[in-house]
Structure formats: structure tokens, C-alpha cells
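1. Give me a model of this one.
(chains A and B)
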Amino acid sequence: MLDFIVLFLTVGIPLSSALLLASLGESVNQRSGIFNLGCEGVMSMGAFVGMMIPYAVGGSGKVAWYVNLSGLVAAALAGALLGLLFGVVVIRFGAPQGIAGIGLQLFGTGLAGSLYRHFIGGAEGVAGINAIRIPLLSKIPILGDMLFSCNPMVYFSFIMVPVISLIMKKTPWGLRVRACGTMPRAADSMGIKVQRTRYEALAFGSAMAGLAGAYMSLCYAKLFTDTLIGGRGFIAVALVYFGQWSPVGIMGGALLFSLAQALQLAVQAYGFATFPYEFLVMTPYVLVIVVLIFASKRKHVGPASLGKPFNREMRV
Amino acid sequence: MKRFKLWYRCGVVLLSVLVALAIAAVILTVLGANVLDTFRVIFVYPFSSIKNISGVINIMIPLSLVGIGICIAYRSGIVNIGGEGQMIMGLTLALVVALNVGEMPRALAIPLVLLSGMIGGGVWGAIPGILKTRFQVSELLSTVMLNYIASQFYSYCLRVPMLDPSVAGGSGDPQTVRLSESLWLSRMNQLFPSLDKNMRFHSGILIAIVLALIVFLFMWKTPAGFKMRAAGASERAARYGGINVKNYVVLAILLSGACCGLAGTVEVLGVHHRGLGNVSGGYGFSGIVVALFGGLHPLGVLPAAFFFAVISYGCNSLQINKIPLPGNTIDVLMGLVILVIVSAQMIISNKYIMYRAERWVRAHLLRAGKERA
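-> Okay, the predicted model is just below:
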């Protein structure tokens, strides 16, 4: 039983990182009032770009470290760029964000898949970023294997939870972002450039989504496929609602979802072959719906102007 | 002023098409394809023979059915991106009926199967409607989750209860047995023997045209349709006018799901003649593009579906025309088109931009014209 639980957690925690990064990013742009349903597409592009650079350059030892790092940076930049493209459509032109998001999702996943086929082709892997064992802590029995010998990006994603919390609550930029999402007209009258702030928040959120994608290709799977992201972008958007736009809540949601997924994998691995695995695969999705039902009961938590375009000349 | 408005709209549409083509050209160049050749295959090759046109129309049928469904939902204020799941659940129920229908006259069996497809899709569509109206769960999220659940459920059904015994235990993809021939939708050249024998598209196109007419009449000429559109146009005003907005929103996405379920069923009865994996083939998402491109009007959906079927068929034929582009180029184009259309719509409806454009045109172009004259 114990090794079952250990297996379940060692699988579950790394699974949660991509969701956590993307979801934290999404929460920032939702706080500014932009609903980015195209997170999936941004993650796909991040996954491709993040893997492309280490694949093309290669290198070993110290060099590989820098190359991988530049892959992550490039993924974040690619994400931010896609976010700005989306921003032109939904912020500048004020297009309906749900539909434009579907467009971004198709565009991003399609482009990542096409570029991958063109530049890389078959199922090529990369060395990627490996897990590191933290010197002393990883010696602790059981816990050491579970918590202190993870991939550096896993630590990074969990460190981002308090960091995002601080940014949103304590820095002027975070306050501006939240003002734009709650009452853009009031923010505007206080001299905040609403559209500009929304662009910044969207670029930041999409850069996080790009990093999440790069985590999947560079750290988790160490390869790229069309189905690598496999709906994680949509789950990440759902988790923002689940976590009620609070970083800690989002972390709880990401862990819950990934642990449900890990449980499902562990149950599959441990036999029960007669039980149809499709029903296990669908449990996390059912869980998200059930959780959304309860999460949505409490209202007036989210950004009041989420999804509403702002324009100074607009009549009230 | 009026005349300028027309010119302005046409200008914006033309400009957005050019922008989309230009971005597509850049991407195609990066992907290492000859831009002109690629555009020729995508836009011209599908018309090169009757066989190709038939292929296009076969793609157009499910696209237009899904697109009509998306229109109903969108007009009523709920965005349905669960078309994929609703197609799958519809065709699952339809397969259950079709595999157990036994000996029944064709005129009775086919409507029965189509109806069960609509029921399956409709029930699956009603779930996000109820979740939205009763629990305030955004339909954008619940429909996506329901898509995954439906596709898992379908692959279970294919793998276990409906599996064709002859492929059981083999390594092939799971599929059901072939449906009895009396359930197939006849091809156009069987229905009308005078047509060219290469007109191989199936009679689902008639279903699509009839459905478009019915939905148009329902949405624009009946009280229920008016109430649904009112609920979508302005929820508060509709509620003030005594319309039970919640019920009509659920009804709208239920009907929308029924259309998608019908699309899945027609695809199985007309093209595949059996249940196999990946029948829905992304139609649920491209149906959204079709609906938007068709101006969210059921009669506009038909030409829009034809246009996208041409692009889709063209993209699928890239390989046989020796153009080294992967199949997901279609997704890139679709996504690009969505982004460009929604932007263009906003620019067209923005009076301020139009006013400025008009002033600019009058100041620069018209005066210049007069001086030259």
C-alpha cells in the first residue's frame, strides 16, 4: 500500500507543474479582464519552441544547461508573442474573447504541429532537463524521493505560487492589473492605461503558458507530439475558476486534478485490467465539472469585468 | 453616408481576407512550401473534377449541420464548443439503434436512426445548458470537458460492447460491424440515376439544406425562435419582457446539440457505414468557424460550409499533389480565419473607426480626385 501511495505522489506532483504554471499565468490575465481560452495553443507553441532549440543546438554538460535555459526563455517569448497577437484581436478590436480564444487554440496547436513536422519530423527526443536531487533533503526516506528529487521546473512552478500572490497583492503593477479587471472605467479615470496594462498582463500570462508547454516537452515527456498538451490548456483555464483566482486555490486545484490523474494511472498500472480504462481516464474531467459546479456557487469573487472589452470612447 | 457604409464594409472584408492570406503566405514559406502552388491546390484543385467536388460536398455535409447547430446556440447567447462531444454522443446512440434495429423497412429505419442521433446529441448538449443556467458554470469550460468525456465513452463503446467480433483480439483499430446496407444514405447518383456517375456525395446534403430552412423558419418566424434570439441579443431586456431566459437557453443548446448529433449520424450512415474512431474529425471546432463565416445565419452557413469544405479538401489533397505540408495546416488556416473574422466584425460594427475612415477618405482620396478632375 505504501509503495502504491509513493508511486501515486511521485507521478502526481510532476504532472501538476504544467497545469500550475499555465493556470497561474491565466489567472493573471483574467485578473486584468482578459479571458484567454487559447491557452492550449500557446502551450503547444511553447512546447515546440522550448524543445526546438535544444534539439537544434545540442551540446552537453555546462553548454546543455545554457541551451536548455535558452529554450525555456524562447518558449516564454513565443508565448508572450502569441499573447500579444491575441491581444490585438481582443484588446485593440474588442472581439468576443471566447471565440477568438478558440481561434488562437486552433492556430497555436496547428502551427506547432506543422512546424514540428517540418523541422523535426519523427518522434525525436531531447536530453532535456533532468531531475535534481537536493543534497541533504533528498536523503529523507520516502519524502526525499517524493518532494526533494524533482525537476527544477517543478520547484520553479511551486515557487511561482507565492511570487504571483505577492505580485498581484503588493506591487503597483499587480494593483493596476486588478483594477483593470474589476472596474476599468475607474482605473482609466485614475490615469491607468487600461489597454496597455491588459496587454502586459496578457503577455505575462501567455509567457507562463509558454513555459508550461516547454515544461511538458523539455522536462516531462522530453519529446514533442501533437497530443502532448492534450487538453491541459483548457483544464488550466478551468482551474482558475476552481481556485477562485487565488494562487493557492489554483495550486490546490492543480494538485487535485493531477493526483486524480495519477491515481487513475496508478490503478491502471496496478492491474484491475477488467475495469475499462476509459472510465478511469475520464474521471479527472468529471471531477473538474463537479468542482466547477461547487466553485461557481460563490459569486462575486472573480474580476467583475472579465471578458468585457474596454474602450475609452465607449458609451456606458 | 449610406453608400460609404457599403463600401466600408466591403473594404474591411477584402482587407481582412488579404491580411489572412498574407499571414498564411508567411507561414507557408516558413514551412518550406511554394505559396502559389499551395494556394492553387487548396483553392483550385477541389474544383478540378466532379469526383473532387463530390469529395468537397461530403465534407460540407457534416460541417453545415454542425454550423447550423452552432448558429442556434450563438444566437441564443450560449457559445457551444461542445459540438465534437455532441456529435460523438449522437452517433453512439444512433449506432446502438442501428445495430439493433433488425429487419425494418428502410423508410422507417433511417429516420429512427437519425432521430436517435439527434436525441443523443441533444441530451449531451442540454447538460452544459443546465450547468450554465442552474449552476453558473461557464459553458466554454463544461463543453470542453464533456468533449473529452464523450470521446472516452465512445472509444470504450467501440472497444467493448460494440466491437466487431472479426477484429476482436487483433491489432487493428476497434470498429463496429458494417451496418446493414438498408441503413446507408444513398449516393446522389443512386437517388437520381440521370446524374453523372462520379457524383458520389451522399444524400445527407438534402438533409442539410432542409435543416437549414427549418432552422431559419423556426428562429425567425416562430415565437419560440424569437424568444431564443431575444435571450441571446439582450438577456436583461428579454427577462424584463417576460421571457424565461434560462429555459430558452437550455432549449437552444439542446437543439444545437441535436444538430451536431445529426451531423455525426449522417457522417456514419453516409460515409463510413460503421462506427470507427475519429469520425468527428474536428468538425465540432471547424463548425464554429463555419457558423461565424456564415454570419450566424442558417442559410449563410451553407455557402460558408462549402467554402471551408473546399479549403479542407484542398489541405487533405496537399500530399497527393506533392506539396510537403502536414495535414494540420488546415488548423492553422482555420485559427487564422477565426481571428481575422472576429476582428473584422468588430471593425465593421465600430462606428467611431468608420467615422474616422470616412473623414480620412473624404479628406485625402475624394478631394484629390476632384482636384485631378
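2. Point out where chain A drops to low pLDDT.
-> Applying pLDDT under 70 to chain A picks out residues A:1, A:145, A:271-274, A:296-300, A:315-316.
3. quick one: the longest helix along it to chain centroid distance?
-> Across chain A, the longest stretch assigned as helix under DSSP state H is helix A:2-31. Taking CA atoms, centre = their mean, to the nearest Å, one finds helix A:2-31 lying 9 Å from the centre of the chain it belongs to.
4. what's it packed up against?
-> Contact here means 3 or more CB pairs under 8 Å, 6 or more residues apart in numbering or on different chains; DSSP states H and E; on that basis helix A:2-31 packs against helix A:39-57, helix A:143-147, helix A:152-170, helix A:172-182, helix A:194-214, helix A:232-242, helix A:247-269. Bear in mind the C-beta positions are built from the backbone N, C-alpha and C, glycine included.
5. what angle do the fifth one and helix A:39-57 make?
-> Going by axes from the mean of the first three to the mean of the last three CA atoms, to 10 degrees, helix A:194-214 is angled at 60 degrees with respect to helix A:39-57.
6. Pull the CA coordinates from stretch B:45-62 and hand them back as PDB.
-> The C-alpha trace of stretch B:45-62 is given here as PDB (Å, rounded to 0.1, in the frame of the first residue of the first chain):
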ATOM      1  CA  TYR B  45      -7.700  21.700 -57.200                       C
ATOM      2  CA  PRO B  46     -11.000  20.800 -55.400                       C
ATOM      3  CA  PHE B  47     -12.900  22.100 -58.400                       C
ATOM      4  CA  SER B  48     -10.800  20.200 -61.000                       C
ATOM      5  CA  SER B  49     -13.100  17.200 -61.400                       C
ATOM      6  CA  ILE B  50     -16.600  16.000 -60.500                       C
ATOM      7  CA  LYS B  51     -15.100  13.400 -58.200                       C
ATOM      8  CA  ASN B  52     -13.300  16.100 -56.300                       C
ATOM      9  CA  ILE B  53     -16.400  18.300 -56.000                       C
ATOM     10  CA  SER B  54     -18.200  15.200 -54.600                       C
ATOM     11  CA  GLY B  55     -15.500  14.900 -52.000                       C
ATOM     12  CA  VAL B  56     -15.900  18.500 -51.100                       C
ATOM     13  CA  ILE B  57     -19.600  18.100 -50.700                       C
ATOM     14  CA  ASN B  58     -19.200  15.100 -48.500                       C
ATOM     15  CA  ILE B  59     -17.100  17.300 -46.200                       C
ATOM     16  CA  MET B  60     -19.600  20.100 -46.500                       C
ATOM     17  CA  ILE B  61     -22.500  18.000 -45.100                       C
ATOM     18  CA  PRO B  62     -21.300  17.500 -41.500                       C
END
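7. And it, what's buried?
-> B:45-46, B:52-62 (16 or more other CB atoms under 10 Å in any protein chain shown).
8. so who does residue 157 touch?
-> I'll assume chain A. Residue A:157 makes contacts with A:16, A:17, A:18, A:20, A:21, A:24, A:212, A:215, as judged by CB atoms under 8 Å, 6 or more residues apart in numbering or on different chains.
9. meant chain B actually
-> When contacts are counted by CB under 8 Å, 6+ apart, residue B:157 touches B:92, B:95, B:275.
10. cool, residue A:280 as well?
-> Going by CB under 8 Å, 6+ apart, residue A:280 touches A:264, A:267, A:268.
11. would a markdown table of these with neighbour count and distance to chain B be doable?
-> Listed next are the contacts of residue A:280 as a markdown table, based on neighbours: other CB atoms under 10 Å in any protein chain shown; distance: CB to the nearest CB, whole Å:
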| residue | neighbour count | distance to chain B |
| --- | --- | --- |
| A:264 | 19 | 11 |
| A:267 | 16 | 15 |
| A:268 | 14 | 13 |
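12. In CSV, list these along with distance to residue A:188.
-> Converted to CSV, the contacts of residue A:280 look like this (distance: CB to CB, whole Å):
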residue, distance to residue A:188
A:264, 47
A:267, 53
A:268, 53
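13. any idea which of those residues is closest to residue B:11?
-> Distance to residue B:11 across the contacts of residue A:280 (CB to CB) is lowest for residue A:264, with 53.8 Å.
14. Relative to residue A:285, how far out is the closest one?
-> To residue A:285, residue A:264 is 11 Å away according to CB to CB, to the nearest Å.
15. Repeat that for residue A:270.
-> Going from residue A:270 to residue A:285 by CB to CB gives 22 Å.
16. cool, residue B:191 as well?
-> Taking CB to CB, one finds residue B:191 at 42 Å from residue A:285.
17. Show the contacting residues for the residue of the stretch 101-250 of chain B found nearest chain A.
-> Nearest to chain A, among the residues of the stretch 101-250 of chain B, is residue B:156, at 3.7 Å (CB to the nearest CB). Residues in contact with residue B:156 (CB under 8 Å, 6+ apart) are A:276, A:278, A:279.
18. Likewise for residue A:40?
-> Applying CB under 8 Å, 6+ apart to residue A:40 gives the contacts A:105, A:108, A:109, A:229, A:231, A:232, A:233, A:234.
19. The closest residue to residue B:203 other than its chain neighbours - how many residues pack around it?
-> Among residues not flanking residue B:203 along the chain, residue B:185 sits closest, at 5.1 Å (CB to CB, 6 or more residues apart in numbering or on different chains). Residue B:185 has 25 neighbours, counted by other CB atoms under 10 Å in any protein chain shown.
20. separation between residue B:287 and chain A?
-> Counting by CB to the nearest CB, to the nearest Å, the separation of residue B:287 from chain A is 11 Å.
21. Can you check the pLDDT for that residue?
-> With respect to pLDDT, residue B:287 scores 90.
22. who's more crowded, residue A:270 and residue A:285?
-> Per other CB under 10 Å, whichever of residue A:270 and residue A:285 has more neighbours is residue A:285, with 25 against 11.
23. name the element the more buried one belongs to?
-> helix A:277-295 (DSSP states H and E).
24. Please point out which parts of that helix sit buried.
-> Going by 16+ other CB under 10 Å, helix A:277-295 has these buried residues: A:277-278, A:280-289, A:291-292, A:295.
25. all helices of the stretch 251-373 of chain B, in order?
-> Per DSSP state H, counting those that start in this stretch, the stretch 251-373 of chain B carries helices over the ranges B:283-293, B:298-316, B:329-349, B:351-360, B:367-372.
26. ok but residue A:310 is inside a strand, no?
-> No: Residue A:310: not assigned to a strand; according to DSSP: H, G, I helix; E, B strand; the rest coil it is coil.
27. gap between the closest residue to it other than its chain neighbours and chain B?
-> Distance criterion CB to CB, 6+ apart; nearest residue to residue A:310, sequence neighbours excluded, is residue A:184 at 4.1 Å. Between residue A:184 and chain B the distance is 17 Å, computed by CB to the nearest CB.
28. Number of residues surrounding residue A:184?
-> 26.
29. Hmm, it is touching residue A:194, no?
-> Yes: with contact defined as CB atoms under 8 Å, residue A:184 reaches residue A:194; the gap is 4.6 Å.
30. quick one: common contacting residues for the two?
-> With contacts defined as CB under 8 Å, 6+ apart, the residues shared by residue A:184 and residue A:194 are residue A:310.
31. beta partners of residue A:223?
-> With DSSP bridges as the criterion, the beta-bridge partners of residue A:223 are residue A:125.
32. which residues touch it?
-> A:51, A:123, A:124, A:125, A:126, A:217.
33. can you tell me which residues contact the residue of the stretch 151-300 of chain A found nearest chain B?
-> Closest contact between the stretch 151-300 of chain A and chain B, by CB to the nearest CB, is at residue A:278 (3.7 Å). Contact analysis of residue A:278 by CB under 8 Å, 6+ apart lists B:152, B:153, B:155, B:156, B:159.
34. These in strands, which ones?
-> The members of the contacts of residue A:278 all map outside strands under DSSP state E.
35. In ChimeraX, select just the buried ones from those residues.
-> The ChimeraX selection below is limited to those of the contacts of residue A:278 classed as buried (16+ other CB under 10 Å):
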select /B:152,153,155,156,159
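36. Looking at the contacts of residue A:278, which is nearest residue B:218?
-> Nearest to residue B:218 out of the contacts of residue A:278 is residue B:153 (CB to CB; 30.0 Å).
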